[in-house]
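Visitor: Got a predicted structure here, sequence first:
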Amino acid sequence: MEIFLNIINKEPPGDVDEFLDEEMPVFQYCLESLSRFIDGEIILYFSSSKRIVLDIFYDFSVCFEEIVESVVLAKRSTVDAGESIWFFEQGSDFCMDYRVKNDIVHIAFKKGEDVGFPNSEMEDFSVEVDRSEYIEEWTKVFESIAALFEDKLDKKLDEMPF
């Protein structure tokens, strides 16, 4: 498993979004603020025929807490435990089921009826990923996003969400 972060810079609007909730957790607040400066996607790559593409704002941002919970579960548990993350925004309509058992994370990708491009091209699939690799790959993504915060927002994060 590898996770790639594909970022496209854009010209930010001059004004700050006054409707952003400063009470949300710092990482999420920075992520929402970052949407003024970039577009992008996160690609979970398992093989040439098995990948999941997450829009950084419509998928990752919306399901942020569930993704963090999956990493926390992988870090803390070796028992048979897991959940589903349903990506439902802007034509996504797909589900990523994950189960942590011993040193393996079982991941299943399941499309919904209204799944849009690019995930509509994928067939439903299941893979097994080493637990430490799952944690390491997501950690790299969060660290890369934190580096973007520092570069674009001049905001340094003291800690990761997991």
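Guide: Structure's in. What do you need? Numbering: from 1, shown residues only.
Visitor: Would you map the strands across this protein?
Guide: 2-9, 38-47, 50-55, 81-87, 94-101, 104-111, 125-130 (DSSP state E).
Visitor: Direction included, what does the fifth one pair against?
Guide: To tie it back to what came earlier, the one meant is strand 94-101. strand 81-87 (antiparallel), strand 104-111 (antiparallel) (DSSP bridges).
Visitor: that older thread, CSV please, covering the strands of the chain and showing distance to residue 72.
Guide: Bear in mind the C-beta positions are built from the backbone N, C-alpha and C, glycine included. CSV is the format used below for these (distance: least, C-beta to C-beta, whole Å):
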stretch, distance to residue 72
strand 2-9, 17
strand 38-47, 18
strand 50-55, 18
strand 81-87, 11
strand 94-101, 10
strand 104-111, 12
strand 125-130, 16
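Visitor: what about these, which gets the closest to residue 154?
Guide: Checking the strands of the chain against residue 154 by C-beta to C-beta gives strand 38-47 as the closest, at 14.8 Å.
Visitor: Kindly calculate the angle that that closest one makes with strand 104-111.
Guide: 110 degrees (axes from the mean of the first three to the mean of the last three C-alpha atoms, to 10 degrees).
Visitor: rank the strands paired with strand 94-101 by mean pLDDT and give me the bottom one.
Guide: Lowest mean pLDDT of the strands paired with strand 94-101: strand 81-87, a mean of 94.
Visitor: to the chain's geometric centre, what's the distance from that one?
Guide: Centre-to-centre, strand 81-87 and its host chain are 13 Å apart (C-alpha atoms, centre = their mean, to the nearest Å).
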